[in-house]
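>>> Quick check, what structure comes out for this input:
(one chain, ligands or ions: 2)
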Amino acid sequence: MVTTSLLSIRDLRAYYMLGDTVVKAVDGVSFDVGEGEIAAIVGESGSGKSTLGLAIIKLLPYPGRITGGKVLFRGVDLVDLPEEEMAKIRGREISAVFQDPLTSLDPLIRVGDQIVETIMSHFDLSKDEARKQAEKYMKLVGIPPQRFYDYPHQFSGGMRQRIMIAMAIATRPKLIIADEPTTALDVIVQAQIMELFKKLKEELGLSIILITHDIALAMEVADKIGVMYAGHLMEYGSSIDIYEKPVHPYTRGLLEAVPNIETSDMKLRYIKGNPPDLASPPSGCRFHPRCPYRMDICSSKEPPTVLLNGRIVKCFLVGEE
Ligand code: ATP
Ligand code: SF4
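Ligands and ions are numbered 1, 2, ... in the order given. Below is the predicted model:
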């Protein structure tokens, strides 16, 4: 499928300023997301995935700040946009879905009415028209319309996440940022939500950035995979290419840590060592203390980001095309 870029992130930097300490959570990240494309951002805890998602929608918590780079959404740089303009894009053209739906849903308002409210706050529709739309979106995400009058606590975790997704699509966005949307759910419900994302991509032409620590889950649903480590994007490319031939040593480590049922190889492998403290990341390649392929240059010089057969890789083992 030929896609055009909906979102182009260029050299994005998002830091947390903690007095004299600067936590460089996202440090020079660049990638594109096409229209109707699911891009998953994967990596261990603390690699900067959530900060990246929050920076894109400019919702970084204090003391977080975008310190450089561009977030081009449909050609407009969101980084420079005044908050008033940004607020119109956020929640309308770009929606977000987070891990815990309960913190985003009002426990005292029936779920159907919450979706109606969202629709009416963005479109000039009568309550009846908005209600019809809300029912349509509930149906699309797999919630029977008769549950319109139920309260959030009457739903299971998976169904609550479906309600959040219905609210996210009710504003007819072009892009959804989903940050660990299924982490709290069991594997069967996780798979159902991933199927729902695929359906929304196919039926609505939505682009989705899926943030997850689970590379196996990402492989099931994503067209593109981005692998983050210590604030850097180490590899980004088509999920098939990355699955079949991971290039970056960190990507290889993440994939080797996934048990393989097909080959009955259920031995649990893991990458030795821990991710670094982003207040004082390692010199050179940030992965060098854990990398089995490290060379002398790796600890002294930061590897460039190079383009290799359509994917981007940040490693000295890879030369320019
Ligand atoms: P996880 O999967 O655990 O959420 P992540 O890959 O999403 O991890 P981030 O949550 O973006 O990573 O964190 C990246 C770095 O930024 C970490 O070092 C974290 O401690 C730091 N960080 C995140 N939020 C804040 C904050 N509000 N204030 C200060 N530092 C923060
Ligand atoms: Fe390993 Fe060096 Fe490549 Fe970093 S640049 S991943 S340390 S080989």
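
>>> So which bits of the stretch 151-300 of the chain are right by ligand 2?
Counting by CB under 6 Å from any ligand atom, the stretch 151-300 of the chain comes close to ligand 2 at 249, 285, 287-288, 291, 293-295, 298. C-beta here means a position set from N, CA and C on the backbone, and glycine is covered the same way.

>>> filter those residues to the buried ones?
249, 285, 287-288, 291, 294, 298 (16 or more other CB atoms under 10 Å).

>>> Dump the residues you listed into CSV; add pLDDT, distance to residue 34 and secondary structure as well.
Output for those, formatted as CSV (pLDDT from 0 to 100; distance: CB to CB, whole Å; DSSP: H, G, I helix; E, B strand; the rest coil):
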residue, pLDDT, distance to residue 34, secondary structure
249, 96, 27, helix
285, 97, 29, coil
287, 97, 27, coil
288, 97, 32, helix
291, 95, 31, coil
294, 95, 34, coil
298, 97, 32, helix
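
>>> Name the residue of the stretch 101-250 of the chain that lies nearest to ligand 2.
As assessed by CB to the nearest ligand atom, ligand 2 sits closest to residue 249 within the stretch 101-250 of the chain, at 4.4 Å.

>>> Which residues of the stretch 1-150 of the chain lie near ligand 2?
Residues of the stretch 1-150 of the chain lying near ligand 2 (CB under 6 Å from any ligand atom): none found.

>>> Point me to the residue of the stretch 1-150 of the chain nearest ligand 2.
For the stretch 1-150 of the chain, CB to the nearest ligand atom, closest residue to ligand 2: residue 43, 13.7 Å.

>>> tell me which helix or strand of the protein sits lowest on mean pLDDT?
helix 101-104 (a mean of 76; mean pLDDT, DSSP states H and E).

>>> What is that helix packed up against?
Applying 3 or more CB pairs under 8 Å, 6 or more residues apart in numbering; DSSP states H and E, one finds that helix 101-104 contacts helix 157-169.

>>> for the helix it packs on, what is the average pLDDT?
Mean per-residue pLDDT for helix 157-169: 91.

>>> do the same with stretch 61-75
96.

>>> Which positions within that stretch qualify as buried?
With burial defined by 16+ other CB under 10 Å, the residues of stretch 61-75 counted as buried are 64, 66-67, 69-73.

>>> Dump these into CSV; add secondary structure as well.
What follows is the buried residues of stretch 61-75, written out as CSV (DSSP: H, G, I helix; E, B strand; the rest coil):
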residue, secondary structure
64, strand
66, strand
67, strand
69, strand
70, strand
71, strand
72, strand
73, strand
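
>>> sorry, back to before: can you pull up the bridge partners for the residue nearest to the residue of the stretch 1-150 of the chain closest to ligand 2 when sequence neighbours are not counted?
Of all residues not flanking residue 43 in the chain, residue 228 sits nearest, at 3.7 Å (CB to CB, 6 or more residues apart in numbering). Listed beta-bridge partners, residue 228: residue 233 (assigned using DSSP bridges).

>>> Thought residue 41 was touching residue 228, still the case?
Yes. Taking contacts as CB atoms under 8 Å, residue 228 lies within contact range of residue 41: 5.9 Å.

>>> Overlap of the contact sets of those two?
Common contact partners of residue 228 and residue 41 (CB atoms under 8 Å, 6 or more residues apart in numbering): 49, 52.

>>> Compare neighbour counts for those two and give me the winner.
For the pair residue 228 and residue 41, the greater number of neighbours falls to residue 41 (28 against 25), based on other CB atoms under 10 Å.

>>> who's that one bridged to?
Applying DSSP bridges, one finds that residue 41 bridges with residue 211, residue 226.

>>> mind listing what it touches?
For residue 41, the contact set (CB under 8 Å, 6+ apart) comprises 49, 52-53, 209-212, 226, 228.

>>> what's the distance between the residue of the stretch 1-150 of the chain closest to ligand 2 and ligand 1?
6 Å (CB to the nearest ligand atom, to the nearest Å).

>>> Widest-spaced pair of the residues of the stretch 151-300 of the chain next to ligand 2?
Within these, 287 and 295 form the most distant pair, 12.3 Å apart (CB to CB).

>>> Tell me the secondary structure at residue 250.
Classification of residue 250 by three-state DSSP places it in helix.
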